[in-house]
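Chemist: could you work out the structure for the sequence below:
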Amino acid sequence: MSYTGNYQARFASLDDALRNSDQIVRKANGGNSILFSYLPEKEQEYISGARQHYNDQSEFKAEFIDISKLLVTFIDTDGWDDFSAYYKDMKPSHIVFKSDDPEEDLFDLIIQAIKTASANGRIPFLIRSGCLYGTGIENVNIMEHRDVMSLQHPVVA
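Modeler: Model (predicted):
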């Protein structure tokens with residue numbers, strides 16, 4: 001099957017899952033989410049296709065949340081030098097990205113972006129989540145977060 005036919009079929013399947021999202025068992029592993037996977041070398045094609053398919057005129061309107069941009073925003077908050085020094089001093093280092101303290105961290109930025117998308121009537125689509133590797137944040141941490149579990153529509157990751 002050609003790429004065009006393949007991605008159209010996969011988006012049609014995703015549309016069906018979104019239409020029937022009330023059937024997602026929110027107590028199961030994976031929380032309130034639909035996993036949409038593709039080969040890493042096809043990422044740009046699928047993101048481009050998804051932006052076309054889930055535009056403002058479509059049945060399901062998406063908000064694409066680019067995790068890599070949130071990571072850069074998080075680092076820019078204190079600047080590279082301060083972030084780098086803090087990261088090197090912190091053991092284990094994943095606490096820098098996800099902790100229970102009141103300081104805003106990367107995990108908090110992700111959850112807030114998801115909540116904002118949902119509040120704007122959009123389905124949150126997480127993209128470029130590979131940059132979470134080594135941060136201590138896993139997709140399941142996001143999908144099983146209490147705020148994500150209470151969303152009307154699932155997060156697509």
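
Chemist: and the residue nearest the centre of the chain, how close does it get to residue 114?
Modeler: The residue lying closest to the centre of the chain (CA atoms, centre = their mean) is residue 126, at 2.5 Å. Noted for residue 126: a distance of 8 Å to residue 114, by CB to CB, to the nearest Å. C-beta: built from backbone N, CA, C; applies to glycine.

Chemist: need the overlap of contacts for those two.
Modeler: Contact with both residue 126 and residue 114 is made by residues 65, 142, 155, according to CB atoms under 8 Å, 6 or more residues apart in numbering.

Chemist: in which helix or strand does the second one reside?
Modeler: Looking back up the chat, that one is residue 142. helix 139-143 (DSSP states H and E).

Chemist: what is that helix packed up against?
Modeler: Using 3 or more CB pairs under 8 Å, 6 or more residues apart in numbering; DSSP states H and E as the contact test, the elements touching helix 139-143 are strand 33-34, helix 106-119.

Chemist: return the residues in contact with residue 157.
Modeler: Residue 157 touches 33, 34, 35, 36, 125, 126, 129, 139, 142, 143, counting by CB under 8 Å, 6+ apart.

Chemist: thanks a lot, catch you later.
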